[in-house]
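Participant: with the input below, show me the fold.
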Amino acid sequence: MSLNTNLFGTLLKLYKANGIRTPLEDFTTEILVHILNQNESIMSKFVNKVLKIEGYNFVATSQETFVFKQRGRHFCKVDVVFRNENKICFLENKVHSEEGFDQLINYSDTLDEQSEYQEKHLRYCTKFYEDKIHITKNHFSQFRWCNISNFLQEWKDNDIIKQFLEFLENNQMGNSTDFTLQEILSLQSISPALLKMSSYLDKIRPRFVEQFGALASINNSKQLTTYNRQVIVKQPLFGEGYSEIGAGFDFSTSPKLIVWIWVGKGCTEFAKFKELVAPTEIYHNDEYLEVGKPLSDFISSENMELDIEKWFIYSFDIVKSVIKDNQHLTWHVPNIV
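Facilitator: Below is the predicted model:
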C-alpha cells in the first residue's frame, strides 16, 4: 500500500466494489468503537471529555438493539451504547444522513426504560451542526465529528488512530471549528470569488438550458457546505429515478471547472449507463461521468472570461455528443436527434 493510501478509505471502497452496502457513518462508528475499546485510558477520557459524563470503567457496544413498543415501533437499534455499572449513554452518529423521524425521541424513551441504571445520557454526533433544542431529557447534548478528531490528536502517533484521523479528514469530518490565520485572511476574498462564479453561471445558463433542458431548483447553501461547489443542475437526465447533469465550479480539492452526469443506483437505466462508452477526455465510472479542467489553467489566459465560457460550451458539446451516441437511454433532453 502506498504512503498516500488510507487504510480505512481503501477498505470502504473495497466493500462498495463488492456490492456491500456500508454507509459511511456505520463504517466510521465501528472504527471509533474499536479504538475506544482497545484502550481503557482513551475510553475514559473520551467519555469524560467528549461525552461529558463523569466516571470510568466504561465499555462500548455498536448497533445494539433494544425492544421498544411505542408509536408503532417494535425495536430501536442504537449506533453506540456506553455503559458502566451505574450509567448508560446512547450515542447516535450521522454523517451525510439526517435524523430519522422521531429517532432521538424514541432513543430517549428507550433510555427511560433502562431501570437498572442510575444515570442515563443521550448524545448526538453529526458532521454539521443540527439544531436539536427540542430534545430535553436524559442530559441530552450534541457534538460533531471534528470534536472527536480534535480529541484523538493526543494519540496521533498510534498507527491506527493516525489512519482514522486521515480518514476523517479525507471525508471532511475532521475539520476543526477553530479559524486559522490563513482562513481569516482568505475570508476577505470569499464573497468576490462567489460573485464571480455566479456571474459565469449566469452566462452559461442559457446555453446549458438550450442543450439539456430546464434547470432544477437546488439549495446553493448545501452545495457549498456539503459538496464544496457552486453549480447549475438539471434532473432527471434519463430514465426513471434519480439522475442529473450539472456544470459549474468544484473546489472540494483544487478548484476546477466541471460538467458532469451522475446517476443513482435506483435509476431504471443505471445498468445501461454503466456500459456507456465515453470519449477519452471524459472521466467515467459506474455512476459518474465528468469533463473537468483546473481553474489554475486559465491564470495565464489573456482573456480569462472568454476562455472559461468557451471551455464550458466546448464541454457541453462533448457531453451532448455522448448523449446523441447513446440513444438507447431514454434521455430527457431536447434535440438529441
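
Participant: can you pull the contacts of Gly248?
Facilitator: Gly248 makes contact with 197, 201, 229-232, 257-258, according to CB atoms under 8 Å, 6 or more residues apart in numbering. Glycine gets a C-beta too; all of them are placed from N, C-alpha and C.

Participant: which one is it nearest to, not counting chain neighbours?
Facilitator: Using CB to CB, 6 or more residues apart in numbering and skipping residues adjacent in sequence, the residue nearest Gly248 is Val231, 3.1 Å away.

Participant: repeat that for Asp79.
Facilitator: Excluding the flanking residues, the one nearest Asp79 by CB to CB, 6+ apart is Asn93, at 4.7 Å.

Participant: pretty sure that neighbour sits against Pro23.
Facilitator: No. Contact criterion CB atoms under 8 Å: Asn93 and Pro23 do not qualify, at 10.0 Å.

Participant: can you pull the domain assignment for this protein?
Facilitator: Following the assignment in automatic domain parsing, the chain carries domains at 7-170, 185-325.

Participant: average model confidence for the shortest one?
Facilitator: Spelled out, that is domain 185-325. Across domain 185-325, pLDDT averages out at 90.

Participant: what packs against the helix or strand hosting Val319?
Facilitator: The secondary structure element spanning Val319 is helix 304-325 (assigned by DSSP states H and E). In terms of contacts (3 or more CB pairs under 8 Å, 6 or more residues apart in numbering; DSSP states H and E), helix 304-325 is packed against helix 181-212, strand 243-250, strand 256-263, strand 288-294.

Participant: neighbour count for Asn93 and Pro23, which is higher?
Facilitator: Between Asn93 and Pro23, counted using other CB atoms under 10 Å, Asn93 has the larger neighbour count: 21 against 13.

Participant: quick one: the more buried one from Glu130, how far?
Facilitator: Computed as CB to CB, to the nearest Å, the Asn93 to Glu130 distance reads 12 Å.

Participant: same deal with Lys293?
Facilitator: Counting by CB to CB - Lys293 and Glu130 are separated by 36 Å.

Participant: what about Arg83, neighbour count?
Facilitator: A count of nearby residues for Arg83, using other CB under 10 Å, gives 17.

Participant: and it, how far from Thr61?
Facilitator: Counting by CB to CB, the gap from Arg83 to Thr61 is 8 Å.

Participant: ok, now Leu36?
Facilitator: 11 Å.

Participant: who's more crowded, these two?
Facilitator: Leu36 (22 against 13).

Participant: hang on, the more buried one packs against Ile42?
Facilitator: Yes. If you go by CB under 8 Å, Leu36 and Ile42 touch, sitting 6.0 Å apart.

Participant: which element is the residue nearest in space to the middle of the chain on?
Facilitator: In the chain, the C-alpha nearest the mean C-alpha coordinate belongs to His96, at 4.6 Å (CA atoms, centre = their mean). According to DSSP H and E, His96 maps onto no helix or strand at all.

Participant: how about whichever strand or helix holds Cys146 as PDB, C-alpha atoms only?
Facilitator: Element membership for Cys146, per DSSP H and E: helix 145-152. Provided in PDB are the C-alpha atoms of helix 145-152 (Å, rounded to 0.1, in the frame of the first residue of the first chain):
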ATOM      1  CA  TRP A 145     -17.100  14.600  14.300                       C
ATOM      2  CA  CYS A 146     -14.500  17.300  14.300                       C
ATOM      3  CA  ASN A 147     -14.600  17.300  18.100                       C
ATOM      4  CA  ILE A 148     -13.800  13.600  18.000                       C
ATOM      5  CA  SER A 149     -10.900  14.300  15.600                       C
ATOM      6  CA  ASN A 150      -9.600  17.000  17.900                       C
ATOM      7  CA  PHE A 151      -9.800  14.700  20.900                       C
ATOM      8  CA  LEU A 152      -7.800  11.900  19.200                       C
END
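
Participant: buried ones in that helix?
Facilitator: By 16 or more other CB atoms under 10 Å, the buried positions in helix 145-152 come out as 145-150, 152.

Participant: with Gly174 as the reference, measure out to the residue nearest to Leu32 when sequence neighbours are not counted.
Facilitator: Distance criterion CB to CB, 6+ apart; nearest residue to Leu32, sequence neighbours excluded, is Ile148 at 6.9 Å. If you measure Ile148 against Gly174 using CB to CB, the figure is 8 Å.
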